[in-house]
Every structure is written in structure tokens, then in C-alpha cells.
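Trainee: Sequence and predicted model, in that order:
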Amino acid sequence: MYFGSVRLGKAYASFHLMPLYMCPELARQISPELRKRMHGKTCFNFKTVPGPELIADLNRLTEAGFQNWREKKWV
């Protein structure tokens, strides 16, 4: 099952996290700063290297998504 990915484009890097689509309750954990970078339901775009706070937000969100999928025995 597709969990997530990073795509490097010419103008930005995208971080896709599928648990956000399949478990919409995770969206409540998205910080306001991270939400500004959100495109669609599962994608975050970055034109520059994100700071340590945004990296920490992505780590927390990814871990929460992984734990959610683990509970459902999807991973």
C-alpha cells in the first residue's frame, strides 16, 4: 500500500502522506505553518528547505499516520 513519498521537481519538493487521505482525523494535527504548504488532501510543497519546526511537524504527522496504519494492521 502506498504510504508516502517525496518528489523533487524543478521549482519545489513535494511530500505526499497518504494516511491523511485515508484517515482524515489526522488533519487535525497539521500545524498552521504546515497547513500553509498544503496542496490538496495529502501533499505539502516546499520551495525552500523547511526549517527545523516544519521538519518536526512533518515528523510528528508522519509518525501519527504510521501509528494509525499500524493499529489497522496496514503496515
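Mentor: Received, thanks. Residues are numbered from 1 along each chain as shown.
Trainee: longest single helix anywhere in the protein?
Mentor: helix 52-71 (DSSP state H).
Trainee: Could you find the closest non-adjacent residue to residue 53?
Mentor: residue 33 (6.8 Å; CB to CB, 6 or more residues apart in numbering). Backbone N, C-alpha and C define where each C-beta goes, glycine included.
Trainee: Show me the residue at the heart of the chain, geometrically.
Mentor: residue 17 (4.2 Å; CA atoms, centre = their mean).
Trainee: isn't it right up against residue 64?
Mentor: No. The pair residue 17 / residue 64 is not scored as a contact, 9.8 Å apart, by CB atoms under 8 Å.
Trainee: ok, back up a step: now the longest helix of the chain: buried residues?
Mentor: Of the residues in helix 52-71, 54, 57, 58, 61, 62, 64, 65, 66, 68, 69 count as buried by neighbour count, 16 or more other CB atoms under 10 Å.
Trainee: wait, doesn't the fourth one sit right on residue 17?
Mentor: Yes. Residue 61 sits in contact with residue 17 when judged by CB under 8 Å, with a separation of 6.6 Å.
Trainee: Quickly note the distance from residue 49 to residue 13.
Mentor: 9 Å (CB to CB, to the nearest Å).
Trainee: just to revisit the earlier point, mind giving me the packing neighbours of the helix or strand containing the residue nearest to residue 53?
Mentor: Here residue 33 sits within helix 32-35, counting by DSSP states H and E. Applying 3 or more CB pairs under 8 Å, 6 or more residues apart in numbering; DSSP states H and E, we find helix 32-35 packed against helix 52-71.
Trainee: Tabulate the CA atom coordinates of the helix it packs on in CSV.
Mentor: Extracted C-alpha coordinates of helix 52-71, given in CSV (Å, rounded to 0.1, in the frame of the first residue of the first chain):
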residue,chain,number,x,y,z
PRO,A,52,13.5,22.7,11.9
GLU,A,53,10.0,23.4,13.2
LEU,A,54,8.4,22.3,9.9
ILE,A,55,10.6,19.2,9.8
ALA,A,56,9.5,18.4,13.3
ASP,A,57,5.8,18.9,12.3
LEU,A,58,6.2,16.6,9.3
ASN,A,59,7.9,14.0,11.5
ARG,A,60,5.1,14.1,14.1
LEU,A,61,2.4,13.9,11.4
THR,A,62,4.2,11.0,9.6
GLU,A,63,4.7,9.1,12.9
ALA,A,64,1.0,9.6,13.7
GLY,A,65,0.0,8.3,10.3
PHE,A,66,2.3,5.3,10.7
GLN,A,67,0.8,4.5,14.1
ASN,A,68,-2.7,4.8,12.8
TRP,A,69,-1.9,2.4,9.9
ARG,A,70,-0.1,0.1,12.3
GLU,A,71,-3.3,-0.1,14.5
